[in-house]
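Chemist: this is the structure alone, sequence omitted:
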Ligand SMILES: Cc1cc2nc3c(=O)[nH]c(=O)nc-3n(C[C@H](O)[C@H](O)[C@H](O)COP(=O)(O)OP(=O)(O)OC[C@H]3O[C@@H](n4cnc5c(N)ncnc54)[C@H](O)[C@@H]3O)c2cc1C
Ligand code: SF4
């Protein structure tokens, strides 16, 4: 791989400075994605700024009853933390369905948010056409092997999906990403954090290159307890989702007060099914309602020939997740 | 169950403590590192390679390209090396597949070599390529060196089909699969003057020596190949790939030792794969279930580098009793990396298709799948009329069915459930020929009572060290911890490749013979030695145990070491060759088994999980309980993997697979494999060889694959004839 400078700043201003005076610098979390991409020649930073010495490794309870997760927390620690297990079991379950224990021990919260797609053509520089890797070069996946690709929100420039499990749970939990920039701090709702590909698939998030994710904030929420995360993949462990679903329900007796339904493996970002959520709200939860909502989740999908099967998967997984979240399975 | 000794692997401690030296593990002074530069187009010529940036990287020693590579005799083209694929040696600018080695960056660190390799800018004169199996399959041609595989006919197939009461015709296909041994291929070449030492994890070191000798014009006497430990091969290490001669070349050019270790992705194109196959099977039968004829017309792909025939059709020649049989193999040559033998080449793919077809026929005829097979049981080898040296397949079916609980199966698809899951029970026959060849081994006993066993065979993870030690121990009556085994060194007596599941039968027989001769020699010494308690004993009376020769009922005993010392001998040593004799000619030699699988299919998620697998095999005598069962279980896991997971997905537009890493080329995880119940009949087959042992290495992958596919049908009523059986294939066809 290309030689690079390695830095381990002890505080955020120093990290910020390190990012600013080197335009091609990258933050380094666990390195489970970035280092792989560097080995493959896909990322070629000239400077790595490791985040482990930064004060970002706490999980704390917030005054409103929510939880703040430091960006440098490992996926393992996050998944097993009592506050997360108790208040946000959905997040715990999603995390534990991802990767392998070894990877989760290394991977950080910030790195997981920022991880890049597993599109085959993106991952191998020998393929000449990939707009994400090499803007303007085309998209090999459009007419290629695209069984793992997007059925929602894609463009003719890119049909890649965001591979994270964690982010699907975050989308259902209305997480807020706290970031620090050179001038200001700001809060980005999870739904605005990742972008759809449009004509600029190489710009994947709304995070500026000189901003640092400091924490993921989970607000107190009434739908964080009746939840389910179901993940479908090509083998029973250690594979990315073909389709995954996070369902969360707030019930008043039988009546749905609030609902969240988010999908992984179907779009360039965690995909909320707002129409299905709306359908559920205000009605008594029963099989019929769940089936109608599940039918709705595929509305507007634009599959490719290689990934049409995701439609049936998405419907069924929505149904199963809602049934389970609603205590009906 | 088996009487075999539950002997732990004798090399287990070395392996888990890291002292076992695999291919890349030899620290040499001034070792340089080579990293291959691979083509990124499928066909054409290299117009130019700009190495200027690469050469500027600190630590770079040389960038070798076709323009400065060492010129080799006859440009490295030697058709007389029939068993060697033609591999890249930088002797020309030709690119005939995507991912071919077209250069080598050499540096004093791995990192510098990797970085330099990435900086070489290549310009190609691109030519159109053909990599689309689907479109080429219909244009496939007869193989050049096909022999029987090109066309095989027994009896009058057409007549049988005309009078058939039931006719089944289906097409099955299998994808490109890769060997993926845990240990990546790695080579270290070290020249000292005109003598070359090559560290090469190989399944055939003697042939490595031959190839390097021919390619570089160096006498075999000046080449020593070492590969004491091989971290899996599965056939892929039975040939040399370009990194080996490139290491030899670079070491020569730079006058220092050079190591090249392929990374996982490079292995997918620098080494080889199992070819794609498409098998059109036709079966003629009577309503009673009696088979009349089987025909299998196979198309497989090959590369321009070598025409390797994965003879999927051959299984149907003998697996069942039929009046007639016809098979053909045709080849679609694609511009891809070489295809090569991979665990049970032919049987793995062929038994999937045939045993799926048999299951389909059983449904068509409404006959239990085991009964259909018993009805058509081939008592003798129908291809030549010979009896089998031993065939106990009936017992395998019976024991496996009993262990599995087959009698509780209801045959209607989707009729068995566990709550919301559909259960499927499927079975198939496992089959692999029993091979034995010529090989030599040396056994030496020293006056301290310790024994050295040596042969230029290989420990490829199969347990060779353990099994050879067990064989020598049994033949000499010397405890196994007094026995040291050495393999993987061409200075040892020559042995054949470790492939075709023949190592135990072949090299084991040589060790057995050499040890027997050593024992005889020492017995002679004892009975002619007036100081021995065995003086004047009849040799036939003498038995051995715990390092001693004894006549048990007379309580007369003498130890090997005492006999040697009294006779002034430091050692007794015998080197001998062992090969099958004429006594085997009247027989066909073959192993069979029965494989049963239970799958659970989630009818809404379309996921398949193998919950239970039962395999019962007849492999003659099982010499090593642990390593033998381990081989069979590993094979069965691979069969399950073949059914459900493995596939290199080729994008024909680029001539390149899109999933060349272990994240996306899926192998099963522990979560994917349920309970494995593997056993053997353990009945010695002494007609086959003096050990009574046939091979175990490849058998397991056969049977298991079709058993799973058949179980998926039983669960779902959907027949997936195109492996692997993935979620998308079931989702498209299943009604939730
Ligand atoms: C074989 C394999 C299987 C996997 N399977 C799954 C799976 O099933 N499900 C799943 O969800 N994931 C899976 N993963 C992905 C894994 O979750 C990610 O690699 C991991 O979460 C990335 O975290 P990291 O800390 O290692 O990130 P790094 O590799 O260190 O960084 C990734 C990116 O994040 C940026 N970054 C890191 N920290 C910050 C910060 N604080 N602020 C701003 N930017 C930052 C880096 O600059 C970089 O661009 C798998 C990975 C592998 C290798
Ligand atoms: S889908 Fe996106 S990432 Fe994949 S090849 Fe197309 S542009 Fe590249």
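Modeler: Sure thing, it's come through. Just so we're clear, the structure is a prediction, and the values are computed from it rather than from any experiment. Ligands and ions are numbered 1, 2, ... in the order given.
Chemist: check contacts around the residue of chain B at minimum distance from ligand 2.
Modeler: Nearest residue of chain B to ligand 2: residue B:658, at 9.9 Å (CB to the nearest ligand atom). Heads up, the C-betas are built off the backbone N, CA and C, glycines and all. The contact partners of residue B:658, by CB atoms under 8 Å, 6 or more residues apart in numbering or on different chains, come to A:120-121, A:124, A:127, A:144-145, B:649-651, B:664.
Chemist: can you get me a residue count around the residue nearest to it when sequence neighbours are not counted?
Modeler: Among residues not flanking residue B:658 along the chain, residue A:120 sits closest, at 3.6 Å (CB to CB, 6 or more residues apart in numbering or on different chains). Residue A:120 is flanked by 27 other residues according to other CB atoms under 10 Å in any protein chain shown.
Chemist: and residue A:120, how far from ligand 2?
Modeler: 7 Å (CB to the nearest ligand atom, to the nearest Å).
Chemist: enumerate every residue touching that residue.
Modeler: A:127, A:141, A:144-145, A:148, B:649, B:658-659, B:664.
Chemist: relative to residue A:318, which of those residues is nearest.
Modeler: Lowest distance from residue A:318 to the contacts of residue A:120 (CB to CB) belongs to residue A:148, with 19.0 Å.
Chemist: I'd guessed that closest one sits against residue A:122; true?
Modeler: No: assessed by CB atoms under 8 Å, residue A:148 is found out of contact with residue A:122, at 11.2 Å.
Chemist: and these two? which has more neighbours close in?
Modeler: residue A:148 (28 against 24).
Chemist: for that one, what are its contacts?
Modeler: A:118-120, A:161, A:240, A:242, A:265, A:307 are the contacts of residue A:148 under CB under 8 Å, 6+ apart.
Chemist: from these, which land in strands?
Modeler: Assigned to strands by DSSP state E, none of the contacts of residue A:148 qualify.
Chemist: what subset of the residues you listed is also close to ligand 1?
Modeler: With CB under 6 Å from any ligand atom as the criterion, the members of these in contact with ligand 1 are residue A:240.
Chemist: confirm for me that residue B:557 is in contact with residue B:544.
Modeler: No: if you go by CB under 8 Å, residue B:557 and residue B:544 don't touch, sitting 10.0 Å apart.
Chemist: intersection of neighbour lists for those two?
Modeler: residue B:550.
Chemist: returning to what we had before: nearest to ligand 1, of the contacts of residue B:658?
Modeler: Closest approach between the contacts of residue B:658 and ligand 1, by CB to the nearest ligand atom: residue B:664, at 9.0 Å.
Chemist: dump the residue contacts of that closest one.
Modeler: Contacts of residue B:664 (CB under 8 Å, 6+ apart): A:118, A:120, A:123, B:658.
Chemist: next one, pLDDT for the first one please.
Modeler: Looking at residue A:118, its pLDDT reads 98.
Chemist: tell me the spacing between it and residue A:209.
Modeler: Distance of residue A:118 to residue A:209, given as CB to CB, to the nearest Å: 23 Å.
Chemist: what residues does the stretch 1-150 of chain A put near ligand 1?
Modeler: So far as CB under 6 Å from any ligand atom goes, the stretch 1-150 of chain A lies against ligand 1 at A:26-34, A:36, A:51, A:71, A:75, A:98-99, A:103, A:106-108, A:110-112, A:114-115.
Chemist: that concludes my questions; thank you for your assistance.
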